[in-house]
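Student: Provide a 3D model corresponding to the input given below.
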Amino acid sequence: MVYSIKDVAAALQRVPKVGVAFLLSQVGTYAAYAFEERLSAMDLKPHHAGLLRMLGANPGLTQQALCDIFGVFPSRLVLLLDELEKRRLIERRENPSDRRSYRLHLTNAGRKSLAGIGRVTRDLEKDLFASLNAAERETLAGLLTRIVAQQNITPAVHPAYRRRQEITKPHKP
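Tutor: Numbers count the residues shown, from 1 in each chain. Just a heads-up that it's a prediction; the model follows:
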């Protein structure tokens, strides 16, 4: 049997007090799952969306620059970029200043996918923040941006990229 949130809340005698970090984690996890679900309609994963966004904003980045920005091993990034290239969303172009590296660019299909990601994101934010007015959303964004800066989190890069790297690291016996 599936219970609604209202049923669960009604069944609780007392809701334990939680902190801001927990609430932020709760909303963040909910948003991440909702984003992933909505992207699946485009046959994309969140890590694809992040790479397409970064390349859309910074055409011509090298693979090494993306490794540095996202904090991933080159071998992991190559697999992700190969997926995007196979789907014709990005293309690798020779780097005129260094023939050993490539510059990465969105294709027309990649730009269309990026526009779709933008629509998905806007719709998710509209749904997620429906209880906040525009000024409250702006305040929340400003506060979260300050926390990102204070914690030295790379702007516009989801920490899950680094987590992927940690998971793929070989364990020492």
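
Student: where's residue 12 relative to residue 6, distance?
Tutor: 11 Å (CB to CB, to the nearest Å). From N, CA and C alone the C-beta is placed, and that goes for glycine too.

Student: One more: residue 44?
Tutor: On the measure of CB to CB, residue 44 and residue 6 end up 33 Å apart.

Student: How about residue 40?
Tutor: In terms of CB to CB, residue 40 sits 27 Å off from residue 6.

Student: go on, residue 64?
Tutor: 51 Å.

Student: same thing with residue 19?
Tutor: Taking CB to CB as the measure, residue 19 falls 24 Å from residue 6.

Student: Please, where are all the strands along this protein?
Tutor: With strands called from DSSP state E, the chain shows them at 61-62, 90-95, 98-106.

Student: mind listing what the first one pairs with, with the direction of each?
Tutor: I take that to be strand 61-62. strand 98-106 (antiparallel) (DSSP bridges).

Student: what angle do the strand it pairs with and strand 90-95 make?
Tutor: 150 degrees (axes from the mean of the first three to the mean of the last three CA atoms, to 10 degrees).

Student: could you dump strand 98-106 to PDB, C-alpha only?
Tutor: Backbone C-alpha positions of strand 98-106 (Å, rounded to 0.1, in the frame of the first residue of the first chain) are rendered in PDB as follows:
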ATOM      1  CA  ASP A  98      48.400  21.800 -29.100                       C
ATOM      2  CA  ARG A  99      47.800  18.900 -31.400                       C
ATOM      3  CA  ARG A 100      47.700  16.500 -28.500                       C
ATOM      4  CA  SER A 101      44.500  17.900 -27.100                       C
ATOM      5  CA  TYR A 102      41.000  18.700 -28.400                       C
ATOM      6  CA  ARG A 103      38.600  21.500 -27.900                       C
ATOM      7  CA  LEU A 104      35.000  20.600 -27.200                       C
ATOM      8  CA  HIS A 105      32.000  22.200 -28.800                       C
ATOM      9  CA  LEU A 106      28.200  21.600 -28.800                       C
END
